[in-house]
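1. only the shape, not the letters, is given here:
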């Protein structure tokens, strides 16, 4: 009886830590949803975070749990995950999120979590305990999602510029101030749909590992789904203004038409990835789309130095969070 009580206590603490990560994911990635709509002046910051948080939560009714299934069953071999692995993974991901938030670097919460899982699992059982297909699919989309965002954002910008080539600039600006509300809402839906499911997935992993859920279950308990979507929505409401400034102002100067094209291209990428069950980075996706929009004007419109620093953060995210997770895994073994 004592063992069951202790196990339950540990599970409750780790679920709470996962919800903290989910909140920080929304806080850290708020910039993805609202940077363009704030920087173009379509919405004030307070309006924008409430707007984005609403659509983050509404995504619960739109998307299937394909991404959660990938995290819960497609990254690690069955039977490897335990409470120490989950602790290490979450500490690694949260630590990297705090560091990149502090320095205003738009890195990926998603890949920080993947890196955390990888680092803790390798520390316990070695690389053979990982599911190669799930890891390779996730790593591939580190490059595919920003590239697809870049292509779709730039193509959207070219098409819109051609369609409205004879329309007065002030009229175009007026129309796209309204249309940008649609594109920002769509991107926030994609953000909530893909990112909340990653935390659902790791809680599902935890519940399976501790016997509170079965690996044969088609989906995780309802309470995990609702709590994770609520947490990411609340995190977005508080916003990460350091990163909003980088995304909305430092990469390139955006007008409402550019914001619309970037968000629409990014949203299309996220919808596709979520339907395929691929955990992608909303940060990578929208950054690629913003750079794509900026590059259609002229190459000098993009501050490539800032973009280059962001890319370095992308490259370092998985190994850095994996390293911290491995240390946290070892520490947890000493604690309980």
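-> Great, that's in hand. What you are looking at is a predicted structure, and each value in this text was computed from that prediction instead of being measured.
2. for the rest of this, base every contact and every neighbour count on C-alpha atoms.
-> Fine.
3. count the residues that sit near residue 136.
-> By other Cα atoms under 10 Å, the residues close to residue 136 number 12.
4. check the one 10 residues further on too.
-> The number of residues packed near residue 146 is 26, by other Cα under 10 Å.
5. that one against residue 291, yeah?
-> No: under the criterion of Cα atoms under 8 Å, residue 146 makes no contact with residue 291, lying 9.3 Å away.
6. torsion angles phi and psi at residue 76?
-> The phi and psi torsions at residue 76 (degrees, to the nearest 10) take the values phi -130, psi 140.
7. next, the contact list for the closest residue to it other than its chain neighbours, please.
-> Ranked by Cα to Cα, 6 or more residues apart in numbering and with sequence neighbours excluded, the top spatial neighbour of residue 76 is residue 130, at 4.5 Å. Under the criterion of Cα atoms under 8 Å, 6 or more residues apart in numbering, the neighbours of residue 130 are 75-77, 118, 121-122.
8. which one of these is nearest to residue 136?
-> In terms of Cα to Cα, no member of these lies closer to residue 136 than residue 75, at 9.6 Å.
9. contacting residues for the closest one?
-> 130-135.
10. by mean pLDDT, flag the weakest helix or strand of this structure.
-> Of the helices and strands making up the chain, the lowest-confidence element is helix 241-245, at a mean of 55, by mean pLDDT, DSSP states H and E.
11. which parts of the helix or strand that that helix is followed by are buried?
-> Secondary structure here is assigned by DSSP states H and E; on that basis, the next helix or strand after helix 241-245 toward the C-terminus is helix 256-276. Judged by neighbour count using 16 or more other Cα atoms under 10 Å, the buried positions of helix 256-276 are 256-271, 273-274.
12. now do the lengthiest helix in the chain and helix 256-276, the angle between them.
-> Longest helix of the chain, by residue count under DSSP state H: helix 169-209. When axes from the mean of the first three to the mean of the last three Cα atoms, to 10 degrees is applied, the directions of helix 169-209 and helix 256-276 differ by 20 degrees.
13. helix 169-209: what's the following helix or strand?
-> Next along the chain after helix 169-209, taking DSSP H and E as the criterion, comes helix 222-238.
14. quick one: average pLDDT of that next one?
-> Confidence over helix 222-238, taken as the mean pLDDT, stands at 92.
15. what helices or strands is that helix leaning on?
-> helix 2-39, helix 45-58, helix 169-209 (3 or more Cα pairs under 8 Å, 6 or more residues apart in numbering; DSSP states H and E).
16. out of the contacts of residue 130, which are buried?
-> Restricting these to buried positions leaves 75-76, 118, 121-122, with burial counted as 16+ other Cα under 10 Å.
17. can you tell me which of those residues end up in helices?
-> The helices, defined by DSSP H, take in 118, 121-122 from the buried ones among the contacts of residue 130.
18. for residue 178, which non-adjacent residue is spatially closest?
-> residue 42 (7.9 Å).
19. again with residue 58
-> Counting by Cα to Cα, 6+ apart, residue 189 is the residue found nearest to residue 58 once chain neighbours are left out, at 7.0 Å.
20. now swap in residue 91 and tell me
-> Taking Cα to Cα, 6+ apart, and ignoring the residues beside it in sequence, residue 91 has residue 325 as its nearest neighbour in space, at 6.1 Å.
21. can I get the helices and strands packed on helix 222-238 in JSON lines including mean pLDDT, mean neighbour count and distance to residue 223?
-> Rendered in JSON lines, the data for the helices and strands packed on helix 222-238 read as follows (pLDDT from 0 to 100; neighbours: other Cα atoms under 10 Å; distance: least, Cα to Cα, whole Å):
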{"stretch": "helix 2-39", "mean pLDDT": "78", "mean neighbour count": "22", "distance to residue 223": "11"}
{"stretch": "helix 45-58", "mean pLDDT": "86", "mean neighbour count": "22", "distance to residue 223": "14"}
{"stretch": "helix 169-209", "mean pLDDT": "90", "mean neighbour count": "24", "distance to residue 223": "10"}
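22. including distance to residue 281, could those go into JSON lines?
-> What follows is these, written out as JSON lines (distance: least, Cα to Cα, whole Å):
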{"stretch": "helix 2-39", "distance to residue 281": "10"}
{"stretch": "helix 45-58", "distance to residue 281": "15"}
{"stretch": "helix 169-209", "distance to residue 281": "8"}
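23. coming back round to it: TSV for the contacts of residue 130, including pLDDT?
-> Formatted as TSV, the entries for the contacts of residue 130 read as follows, by pLDDT from 0 to 100:
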residue	pLDDT
75	88
76	90
77	86
118	94
121	95
122	95
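24. which of these lies closest to residue 8?
-> Compare each of these with residue 8 using Cα to Cα and the shortest gap goes to residue 121, at 21.8 Å.
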